[in-house]
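Chemist: sequence first, then the predicted structure:
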Amino acid sequence: MKKLVVLAWLFLAQITYADAPSWTQEQQAWGATAGTLLLADWATTRYATRHWEEGYYENNVLLGSHPGTDRVDLYFLIAIPAVYLAADAFPEHRTVILQIISGLELVAVGNNLRIGWKISF
């Protein structure tokens, strides 16, 4: 499963990189930040799927309180390219979109790490 996730991530990264030359250096930096944090959120949430019995629960209403690994994988395999496609589709708002996603993900990942979730696929 780990190899499938990595291959899917690499495939999606190639698709979302398609129009990156039109992005400014600042936008590319924010895009890399958002992508890194989304990947960290994915990894910590996958870790949590193996530890629900310890009293943890997911706050993302789209995932539900105790999603399985397949649901988490599907969510992030949709969410990650959706963020880049939205940023690419609205160049006048690209920086703000990526900053908002980065901020939200920073809070999510920070909380996940604070409560003991590991970055682990």
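Modeler: Perfect, thanks for sending it. Numbering: from 1, shown residues only.

Chemist: distance of the closest residue in space to Ile115 that isn't next to it in sequence from Thr36?
Modeler: Leaving out its chain neighbours, the residue that sits closest to Ile115 by C-beta to C-beta, 6 or more residues apart in numbering is Tyr56, at 6.9 Å. C-beta: built from backbone N, CA, C; applies to glycine. Taking C-beta to C-beta, to the nearest Å as the measure, Tyr56 falls 23 Å from Thr36.

Chemist: then Glu53?
Modeler: With C-beta to C-beta as the criterion, Glu53 and Thr36 are 29 Å apart.

Chemist: check Leu63 too.
Modeler: The value you get for Leu63 to Thr36, if C-beta to C-beta is used, is 20 Å.

Chemist: ok, the two, which is more surrounded?
Modeler: For Leu63 versus Thr36, neighbours defined as other C-beta atoms under 10 Å are more numerous around Leu63 (18 against 13).

Chemist: my guess is that one contacts Asp73. True?
Modeler: No - with contact defined as C-beta atoms under 8 Å, Leu63 does not reach Asp73; the gap is 10.9 Å.

Chemist: next, the contact list for the most centrally placed residue in the chain, please.
Modeler: Central residue of the chain (C-alpha atoms, centre = their mean): Leu38, 2.2 Å from the mean position. By C-beta atoms under 8 Å, 6 or more residues apart in numbering, Leu38 lies in contact with 76, 79-80, 83, 101, 105.

Chemist: which of the residues you listed are buried, as a ChimeraX select command?
Modeler: The ChimeraX selection below is limited to those of the contacts of Leu38 classed as buried (16 or more other C-beta atoms under 10 Å):
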select :76,80,83,101,105
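
Chemist: so which two of the contacts of Leu38 are the farthest from each other?
Modeler: Spatially, the most separated pair among the contacts of Leu38 is Phe76 and Ile101, at 12.6 Å (C-beta to C-beta).

Chemist: and Tyr56, how many neighbours does it have?
Modeler: With other C-beta under 10 Å as criterion, Tyr56 counts 16.
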